[in-house]
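Asker: Kindly return the folded structure for what I paste below:
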Amino acid sequence: MKLKVGDKAPDFKLTSDKGKTFSLKDFRGKKVVLYFYPKDMTSGCTKEACDFRDKINSFKKKNTVIIGVSPDSTESHKKFRDKYELPFTLLSDESKKTLEDYGVWQEKSMYGRKYMGVARTTFIINEKGKIEKIFDKVKVPGHVDDVLNNI
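Answerer: Okay, the predicted model is just below:
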């Protein structure tokens, strides 16, 4: 089932880079930018995370939290966060359940080889837990500004 604008965002229970378990309900009353990315420390994912980092105060002024999700381990997230001084939560979905719930765990193809991976996707979720905007097939350059302009 593909999620669409107006749908209730699927809840989740995932562990953060700091070892704390979070669910979507923990962020009620704030807007949430939930962005799914393929892999810590890769060029596109690093650029995207650093762009969110560099605009964090603009998001805070709009009562919005940033949450990054990938299938990497919490230990990998911790190294990623520390190396790039990321001021937002990174959640680990090693089971890929949340990735599947949000429809971002998809078949991909590279050099003719098919494999399963994360389709870079961002959701804006409103204060009541409803999906306000979906950015799929995200291209990193300019993406964070586009998200900010849609809040």
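Asker: can you give me the strands for the chain?
Answerer: 13-16, 21-23, 31-36, 64-70, 89-92, 105-110, 113-118, 121-125, 131-135 (DSSP state E).
Asker: which of the residues in the first one are buried?
Answerer: This means strand 13-16. Leu14, Thr15, Ser16 (16 or more other CB atoms under 10 Å). The way it works is simple: take the backbone N, C-alpha and C, and place the C-beta from them, glycine included.
Asker: Please work out which helix or strand belonging to the protein has the smallest mean pLDDT.
Answerer: Across the helices and strands of the chain, the lowest-confidence element by mean pLDDT, DSSP states H and E is strand 105-110, at a mean of 86.
Asker: That strand versus strand 31-36: what angle between them?
Answerer: For strand 105-110 against strand 31-36, the angle by axes from the mean of the first three to the mean of the last three CA atoms, to 10 degrees is 50 degrees.
Asker: how many degrees apart are strand 105-110 and strand 113-118 in direction?
Answerer: Using the same axes, to 10 degrees: strand 105-110 against strand 113-118 is 140 degrees.
Asker: how close does the nearest residue to Val33 once chain neighbours are set aside sit to Lys133?
Answerer: Distances taken as CB to CB, 6 or more residues apart in numbering place Ile66 nearest to Val33, at 4.9 Å, with adjacent residues excluded. Taking CB to CB, to the nearest Å as the measure, Ile66 falls 14 Å from Lys133.
Asker: Glu107 too?
Answerer: 25 Å.
Asker: Name the residue closest to the centre of the protein, please.
Answerer: Tyr35 (1.9 Å; CA atoms, centre = their mean).
Asker: what are the bridge partners for that one, then?
Answerer: Gly68, Thr122 (DSSP bridges).
Asker: who's in contact with it?
Answerer: Residues in contact with Tyr35 (CB atoms under 8 Å, 6 or more residues apart in numbering) are Glu48, Phe52, Ile66, Ile67, Gly68, Val69, Arg120, Thr121, Thr122, Phe123, Val138.
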